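Colleague: Pasted the sequence and its predicted model underneath.
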Amino acid sequence: MNLKELPKVELHVHLDGSVRIRTLQEGQDRNIRNDVVAPDQCADLKDYLNRFSLPVAYLQTKEHITRVTKELIEDLERENVIYAEIRFSPIKLMEGNLTIDEVMEAVLEGRKNANMTVQFILCMMRGDSLEHNYAVIDCAKKHLDKGVCAIDLAGDEAGYPTRDYRELFTYAKANHVPFTIHAGEVDIEDSIESALSFGAKRLGHGIQVCHYPKLLDFVKQNQVLLEICPTSNVQTHVVKRYEDHPIKRLMQSGCKISISTDNRTVSNITLTEEYQKLVNVFQMTEVDLLSFQKNAIEAAFLNSLQKETLYQKIARYEDYIKE
């Protein structure tokens, strides 16, 4: 199985968690690797999220945002990723006095010469002000189908209950802004239930749904996609060991699953390496890996014509490996 040649779709990758180490290292008088790359197991999700401080501080100029966006797309292309949705919080990139429009100009400039299809998901943040989160939705609406494809809710799921953000998703729906929600990364039934009640058709991570039969049935019946990032789930200590990850159980139960890195630098993982782990630990087959791509395309924030183009690339690969 040539995993590098496999056409891949990545729906859950954070810009600030995927800044190249050598880019961050420039101008530093010490080795910053341990400040950015998480250990194999953090104390909890909050401990993992602490690794974003340095990358976010770096991403405070248009030049840096454009550069990091361009470099991430290059890294994705190197792995034969054919479509990606890159997510970030525009508000977090405004601490250096950029406006939200300047942030958007910078990321859009960064994808200008991409040889693959790239869209952006704008993250609202748990614990941020209503004013800021409404601004993210308005920004997404302004740039919808011009580079932006959706919004998300990210951050400390345990510290800030999903249910508290209902009015924001009501507003998003009223303005026809698609969304995914980080929910079910940590074991909080109410978080998953709230996200699904808001109308989420995709859950960021979502793995804890396996503990709640009624929610699991809802996810299966409504074809809700779980954006699973296995290595990240182990690092954040929501799964004790890679071998304990519920991905196989979720697959066998009939859930729709896609695979992503979450944060390529913070988790020190590429998408190809993530697939290799799945093959080694769970004996995933090429059929399984192709199903993840098809699920991702089906749930992607794309129109039917764009999806068909991606399906054709997968089909050509399937024909190639049969020869």
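Modeller: Looks like it arrived, so ask away.
Colleague: Can you identify each of the strands in the stretch 1-150 of the chain by residue range?
Modeller: Ranges of strands in the stretch 1-150 of the chain, per DSSP state E, counting those that start in this stretch, are 8-14, 81-88, 117-125, 148-154.
Colleague: Report all helices and strands that the third one contacts.
Modeller: Read it as strand 117-125. When contacts are defined as 3 or more C-beta pairs under 8 Å, 6 or more residues apart in numbering; DSSP states H and E, strand 117-125 sits against strand 81-88, helix 130-143, strand 148-154. For glycine as for every other residue, the C-beta is placed from the backbone atoms N, C-alpha and C.
Colleague: Now render those as JSON lines, adding mean pLDDT.
Modeller: As requested, those are exported to JSON lines (pLDDT from 0 to 100):
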{"stretch": "strand 81-88", "mean pLDDT": "98"}
{"stretch": "helix 130-143", "mean pLDDT": "98"}
{"stretch": "strand 148-154", "mean pLDDT": "98"}
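Colleague: between these, which one is nearest to K248?
Modeller: strand 81-88 (23.9 Å; C-beta to C-beta).
Colleague: Would you mind writing the CA trace of that closest one as PDB?
Modeller: Written as PDB, here are the backbone C-alpha positions of strand 81-88 (Å, rounded to 0.1, in the frame of the first residue of the first chain):
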ATOM      1  CA  VAL A  81      -3.800  16.000  -0.400                       C
ATOM      2  CA  ILE A  82      -6.300  16.900  -3.100                       C
ATOM      3  CA  TYR A  83      -8.600  19.000  -0.900                       C
ATOM      4  CA  ALA A  84      -8.300  20.600   2.500                       C
ATOM      5  CA  GLU A  85     -10.300  22.800   4.800                       C
ATOM      6  CA  ILE A  86      -7.900  24.800   7.000                       C
ATOM      7  CA  ARG A  87      -9.300  26.300  10.100                       C
ATOM      8  CA  PHE A  88      -8.200  29.200  12.300                       C
END
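Colleague: Tell me which of the strands of the stretch 1-150 of the chain is the most buried.
Modeller: strand 8-14 (a mean of 27; mean count of other C-beta atoms under 10 Å).
Colleague: Just want the angle from that strand to strand 81-88.
Modeller: 10 degrees (axes from the mean of the first three to the mean of the last three C-alpha atoms, to 10 degrees).
Colleague: Could you measure from the closest residue to E286 other than its chain neighbours over to A150?
Modeller: The shortest distance from E286 to any non-neighbouring residue, by C-beta to C-beta, 6 or more residues apart in numbering, is to M1 (5.3 Å). Between M1 and A150 the distance is 32 Å, computed by C-beta to C-beta, to the nearest Å.
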